[in-house]
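Based on what follows, work out the 3D shape:
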Amino acid sequence: MSSDLICVGSISGAYGVHGELRVKSFCANPEDIETYAPLSDETGARTFSLALIRPIKNGFVTRIAEVATKEEADALKGTQLFARRDQLPNLPDDEYYHTDLMDLEVFDTGGTPLGRVKSVQNHGAADLLEILVPGANQTVLLPFTLQAVPTVDLSARRIIANPPEGLF
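Sure, this is the predicted structure:
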């Protein structure tokens with residue numbers, strides 16, 4: 001996947017029998033997903049222009065011109081939708097695209113290596129950085145808050161963390 005592509009949503013499956021799809025948006029303003037068209041799959045080989053029909057629980061009912069049947073819609077289930085980075089707005093200094101945090105090295109405030117960011121997760125309350133601990137196959141979930149992560153330096157590709165006591 002190119003670093004010029006940012007995942008902005010995913011297709012959850014068909015909605016009805018006329019080729020409409022359920023789409024989950026990962027955008028701060030969920031309806032903005034429609035404005036980043038054309039979206040692509042993670043390879044960039046296939047493009048999609050979404051038209052939002054109406055909101056539903058956990059997403060939107062959408063139309064894609066090339067999809068006319070329930071079977072075609074079902075075939076796209078699980079497809080992640082990507083926008084080009086230059087289509088997206090610039091973020092304030094204290095906000096980051098999840099893809100920019102991936103693989104950053106994590107150090108504590110004393111300079112001791114804690115690991116590297118394996119993924120960014122959100123289970124409803126707040127973002128969590130999944131940190132792969134060096135020399136082990138285990139991961140630790142670090143709250144992505146200003147208190148626990150006071151410094152993110154994208155140019156140096158590192159994070160300075162102040163994890164809660166006993167987390168690492």
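
What residue spans form the domains of this structure?
5-87, 98-161 (automatic domain parsing).

got JSON lines for the ones you listed, with mean neighbour count too?
Just so you know, the C-beta spots here come from the backbone N, C-alpha and C atoms, and that holds for glycine as well. Below are these laid out as JSON lines (neighbours: other CB atoms under 10 Å):
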{"stretch": "domain 5-87", "mean neighbour count": "17"}
{"stretch": "domain 98-161", "mean neighbour count": "15"}
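
Output the lowest mean pLDDT helix or strand found in the chain.
helix 98-101 (a mean of 89; mean pLDDT, DSSP states H and E).

Remind me what that helix packs against, helices and strands.
Helix 98-101 sits against strand 5-14, strand 113-122, with contacts defined as 3 or more CB pairs under 8 Å, 6 or more residues apart in numbering; DSSP states H and E.

right, and the helix or strand after the last one?
Heading C-terminal from strand 113-122, the first helix or strand you meet, by DSSP states H and E, is strand 127-132.

shaky segments in this structure?
Filtered on pLDDT under 70, the chain yields the residue ranges 1-3.

give the contact list for the residue sitting furthest away from the middle of it.
Residue distances from the centre of the chain (CA atoms, centre = their mean) peak at residue 110, which lies 30.0 Å from the mean C-alpha position. Contacts for residue 110 (CB atoms under 8 Å, 6 or more residues apart in numbering) come out as none.

same deal with residue 109?
150, 160, 161, 162.
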